[in-house]
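K.L.:
Have a look; sequence and predicted model below, questions after that.
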Amino acid sequence: MTTYEPVRAQRVPTSIVATVTAGKRSSVFTILNVSITGAKLEGPLSLALKDTIKIRFAWEGTAVELAAEVVRVDSPDLMTDQIAARFVDVPEEAKAAIEDLVSRM
């Protein structure tokens, strides 16, 4: 019997600065890596699994705003959290911008 290995979207490392908003709270994060399906970010805003967030960033003159769900939280120290976020309801123009970013990195 063979096991099913889901195909993961290509991830590329970045150091893009983004604003992450959760409800009325927001903070500046760094996008550590990104794919068409999600991103890993690091920043000072404490988040929990399944939190709904907005991620806003600009790359080469293109502004991108995405809704996402937090799917993993790591707290390597008291000042920062690393989160993995899965993008939800991605607009076509944002999808195109992320595909362009991934292909160029």
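P.N.:
Perfect, I can see it now. For clarity, every value in this text was computed on a predicted model and none was experimentally measured. Residues are numbered from 1 along each chain as shown.
K.L.:
On the pLDDT front, check the residue nearest the centre of the chain for me.
P.N.:
Centroid-nearest residue in the chain, with Cα atoms, centre = their mean: Ala39, separated by 2.9 Å. Per-residue confidence (pLDDT) for Ala39: 94.
K.L.:
same question, Pro91
P.N.:
At Pro91, the model reports a pLDDT of 89.
K.L.:
picking that back up, report the beta-bridge partners for the residue nearest to the centre of the chain.
P.N.:
The partner list for Ala39 in beta bridges (DSSP bridges) reads Val34, Ala85.
K.L.:
Kindly provide the distance from it to Glu93.
P.N.:
Distance, Ala39 to Glu93, by Cβ to Cβ, to the nearest Å: 17 Å. C-betas here are computed from N, CA, C, even on glycine.
K.L.:
for the top strand by length along the chain, packing partners?
P.N.:
When the chain is parsed with DSSP state E, its longest strand is strand 62-74. Judged by 3 or more Cβ pairs under 8 Å, 6 or more residues apart in numbering; DSSP states H and E, strand 62-74 is in contact with strand 38-43, strand 52-59, strand 81-88, helix 92-104.
K.L.:
For it, which strands pair with it and how are they oriented?
P.N.:
For strand 62-74, the pairing partners within the sheet under DSSP bridges are strand 52-59 (antiparallel), strand 81-88 (antiparallel).
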